[in-house]
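Undergrad: Provided below for reference: sequence and predicted model.
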Protein chains: 2
Amino acid sequence: MKTLLLKKEEVGRLICMKEVIGTVEEAYRAFSSDQVEQPDYIGIDLPSPRGEIDFKLGYYKANEVISMKASSGGFINNPTAHGVPSGMASIFLFDARSGALICVMDGSLILGLRTGASGAVSVMALARKNARKITSIGTGNQARMQIRAIHEIMKIEEIHAWDNSPETLSKYKADIESEFGIPVIMAASKKEAVEQADILITTTRGKGSLVETDWVKPGTHIVAIGTDQQGKQELDPGIFRNAKVVVDSIAQCTEKGETWHPLNENIITRDDIHGEIGEILLGKKPGRENDDEVTIFDSTGMAIQDNTTAGKIYRNAIERNVGTFFEFF
Amino acid sequence: MKTLLLKKEEVGRLICMKEVIGTVEEAYRAFSSDQVEQPDYIGIDLPSPRGEIDFKLGYYKANEVISMKASSGGFINNPTAHGVPSGMASIFLFDARSGALICVMDGSLILGLRTGASGAVSVMALARKNARKITSIGTGNQARMQIRAIHEIMKIEEIHAWDNSPETLSKYKADIESEFGIPVIMAASKKEAVEQADILITTTRGKGSLVETDWVKPGTHIVAIGTDQQGKQELDPGIFRNAKVVVDSIAQCTEKGETWHPLNENIITRDDIHGEIGEILLGKKPGRENDDEVTIFDSTGMAIQDNTTAGKIYRNAIERNVGTFFEFF
């Protein structure tokens, strides 16, 4: 029995953002078609200055692939003490027809890629067709990934960006302008930035720097990325009151996504959630219905996104003869 | 960052049963000293004729090793359809100081070895010092493993064996006599076999062929291996009434071990459980106190046994320069 080993550099060569947009779309459709099993994740929390290591399991029935992603994060002393990044990830793929371990790949690129792609998928389903201006609250790595992905599926005319760190913001402007040639306007305030948005992306990891309700103009599509755990928040819950709320997973978002906050404050009820993005992609529910509604996509991230993306990387590797086979027995 | 890859054949060369007895003892002590975290396992059940694939996570604080064992079982068509065994296992080791993936090893030998060793550890703690005769109810692979392990720690004079399959029983007799030179008496009935026992081992995987209370003579030590899931049972619950009941994990055994049955029938209460074997090994609780008591060791199997055993294999591999290093990034 042969197991394919894929290094980070090979993983990077084996998939492009356009393909990841496709695999994430596939993941959402599968999730809303009863093609997915995702048990609760398990993990170990380590004492500070270490972080946590989590294990996320997903089964994609149509493809008969089971994926287990092991990802660590928050080991802040790693670079100096161990010469490795503060977070690492590995993905293990099993053939669900036999239970065999078919692939071990570095997983450090996949989280960024598939999270970036999730925003782009929501833009296709929910943003106005004439949307051109993006506002980015937060300008770190994931903010760049969002642009990288959305750039694949629409023309971005300008980006209004805000960050609480001016250095991070300047660096983002320089990087985005040189990589994509899209002009970046560094906003003087969050309010100024948000008021410009056709599409508003929040990637601050939810440190409590909220976008206020009044700032959001009609017709805005909001991509809420940063809140994937209890305790994080990026949007004033009032924004949800009259918005079309779409989530990746109702179970996850009502428990630990941005959507938890308006539910907790009784601003909306569970019935006010329009649906899961997979339902819209499958045509079971409408997407945007007019140019005035505010749409929110709450993304908490799902194991099935890792599964479909890693599965595609694996198939590409086999096709292109990339990687190293190892016989464990 | 380098990850060590170990094949089944290398794993087999890197550890002997004597060492596994040591690593299992270490696991039990660690478990009863607050040195262990073992989240509930997660898994995927596949439709027949496939089985299940389970993921068991363990963290051993003293060694700073996190282990994840992926094990599949019950894929009955595997040998003919896919040319692989019906069950397979892989173990992934992470350095808990950094979160790095340090080792991927074939795990198919470890379950058998560490389960065999668990019986031997219980014999050291709980059997009479003058015990010489073993009775084996069930004569499959794990029955052999039990003998292989107990043979390392005491002199076995004879084995009385019973199985509901006469062919399996004859094969066991031939194998054990040739491997260890210990005479095996094929019992005409379970009763006849059990009545001979100083140490009674049950490894039938609990198909409901019960050992009855009256057959067990005073002073017997019972190693109950086969029941690790709801629905399995090997012992008449009455045996527990006046026995010293020792478990690997109170949480697991009261939920899905042999001990569940007498609890469920109100034959014993939770307070009647003498303790965990780790507590005896640590000297926190007495082991056997006289030659007349019946002792029961209920083994359901714990992730920490895989952890300490795989950790030892990894350290042996590094020391002896065995295995293949792979740089995932």
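TA: Here it is on my side, so go on.

Undergrad: residues in contact with stretch A:32-42?
TA: A:27, A:30-31, A:54-62, A:276-279, A:281-282, A:284, A:302-304, B:39-44, B:55, B:57 (Cβ atoms under 8 Å, 6 or more residues apart in numbering or on different chains). No exception for glycine: its C-beta is placed from N, CA and C like everyone else's.

Undergrad: Going through those, which ones are buried?
TA: The neighbour-count criterion (16 or more other Cβ atoms under 10 Å in any protein chain shown) marks A:27, A:30-31, A:54-61, A:276-279, A:281, A:302-304, B:39, B:41-44, B:55, B:57 among the contacts of stretch A:32-42 as buried.

Undergrad: how close does A:Ala193 sit to chain B?
TA: Using Cβ to the nearest Cβ, to the nearest Å, A:Ala193 is found at 35 Å from chain B.

Undergrad: quick one, what contacts that residue?
TA: By Cβ under 8 Å, 6+ apart, the neighbours of A:Ala193 are A:135-137, A:160-162, A:187.

Undergrad: In space, what's closest to it - neighbours in sequence excluded?
TA: The shortest distance from A:Ala193 to any non-neighbouring residue, by Cβ to Cβ, 6 or more residues apart in numbering or on different chains, is to A:Ala187 (3.5 Å).

Undergrad: Would you mind confirming that the one you found is in contact with A:Asp163?
TA: No - here A:Ala187 lies out of contact with A:Asp163, judged by Cβ atoms under 8 Å, at a distance of 9.3 Å.

Undergrad: which residues of chain A fall in helices?
TA: A:8-14, A:17-31, A:78-82, A:110-126, A:141-153, A:166-180, A:190-195, A:250-256, A:260-264, A:277-281, A:303-320 (DSSP state H).

Undergrad: okay, those in JSON lines with distance to B:Leu113 and mean pLDDT next?
TA: JSON lines is the format used below for the helices of chain A (distance: least, Cβ to Cβ, whole Å; pLDDT from 0 to 100):
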{"stretch": "helix A:8-14", "distance to B:Leu113": "34", "mean pLDDT": "98"}
{"stretch": "helix A:17-31", "distance to B:Leu113": "39", "mean pLDDT": "98"}
{"stretch": "helix A:78-82", "distance to B:Leu113": "31", "mean pLDDT": "97"}
{"stretch": "helix A:110-126", "distance to B:Leu113": "35", "mean pLDDT": "97"}
{"stretch": "helix A:141-153", "distance to B:Leu113": "44", "mean pLDDT": "97"}
{"stretch": "helix A:166-180", "distance to B:Leu113": "52", "mean pLDDT": "97"}
{"stretch": "helix A:190-195", "distance to B:Leu113": "60", "mean pLDDT": "97"}
{"stretch": "helix A:250-256", "distance to B:Leu113": "39", "mean pLDDT": "96"}
{"stretch": "helix A:260-264", "distance to B:Leu113": "46", "mean pLDDT": "97"}
{"stretch": "helix A:277-281", "distance to B:Leu113": "45", "mean pLDDT": "98"}
{"stretch": "helix A:303-320", "distance to B:Leu113": "31", "mean pLDDT": "98"}
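
Undergrad: Compile those helices into a markdown table and extend it with columns for distance to B:Phe328.
TA: Formatted as a markdown table, the helices of chain A follow (distance: least, Cβ to Cβ, whole Å):
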| stretch | distance to B:Phe328 |
| --- | --- |
| helix A:8-14 | 6 |
| helix A:17-31 | 20 |
| helix A:78-82 | 15 |
| helix A:110-126 | 13 |
| helix A:141-153 | 20 |
| helix A:166-180 | 27 |
| helix A:190-195 | 39 |
| helix A:250-256 | 28 |
| helix A:260-264 | 35 |
| helix A:277-281 | 31 |
| helix A:303-320 | 13 |
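
Undergrad: quick one: which of those is nearest B:Phe92?
TA: Closest approach to B:Phe92 among the helices of chain A (Cβ to Cβ): helix A:303-320, 15.3 Å.

Undergrad: buried residues in the closest one?
TA: By neighbour count on 16+ other Cβ under 10 Å, the buried set for helix A:303-320 is A:303-314, A:316-317.

Undergrad: relative to helix A:17-31, how tilted is that helix?
TA: 130 degrees (axes from the mean of the first three to the mean of the last three Cα atoms, to 10 degrees).

Undergrad: just to revisit the earlier point, among the buried residues of helix A:303-320, which one sits closest to A:Val11?
TA: Closest to A:Val11, out of all of the buried residues of helix A:303-320 and judged by Cβ to Cβ, is A:Ile313, at 5.8 Å.

Undergrad: residues contacting the closest one?
TA: Taking Cβ under 8 Å, 6+ apart as the test, what A:Ile313 contacts is A:6, A:11, A:14-15, A:105, A:110.

Undergrad: What is the burial count for A:Thr324?
TA: As a burial measure, A:Thr324 scores 14 neighbours (other Cβ atoms under 10 Å in any protein chain shown).

Undergrad: partner residues bridging it?
TA: Note on A:Thr324: beta-bridge partners A:Leu5, judged by DSSP bridges.

Undergrad: Could you double-check that it lies in contact with A:Leu5?
TA: Yes - counting by Cβ under 8 Å, A:Leu5 is a contact partner of A:Thr324 at 4.6 Å.

Undergrad: Mutual contacts of these two, please.
TA: Residues touching both A:Thr324 and A:Leu5 by Cβ under 8 Å, 6+ apart: B:Phe326.

Undergrad: And the pLDDT for A:Phe326?
TA: pLDDT, A:Phe326: 98.

Undergrad: Likewise for A:Gln230?
TA: Confidence score, pLDDT, at A:Gln230: 89.

Undergrad: just A:Gly99 next, same as before
TA: For A:Gly99, pLDDT reads 98.

Undergrad: what about it, how many residues close to it?
TA: 29.

Undergrad: which non-adjacent residue is nearest it?
TA: A:Gly99 sits nearest to B:Ser72 (Cβ to Cβ, 6+ apart), 2.9 Å away.

Undergrad: From what I see, A:Gly112 and A:Met145 are in contact.
TA: Yes - in terms of Cβ under 8 Å, A:Gly112 counts as a neighbour of A:Met145; the distance is 5.0 Å.

Undergrad: And those two? Which one has more around it.
TA: Ranked by neighbour count (other Cβ under 10 Å), A:Gly112 and A:Met145 place A:Met145 first, with 24 against 16.
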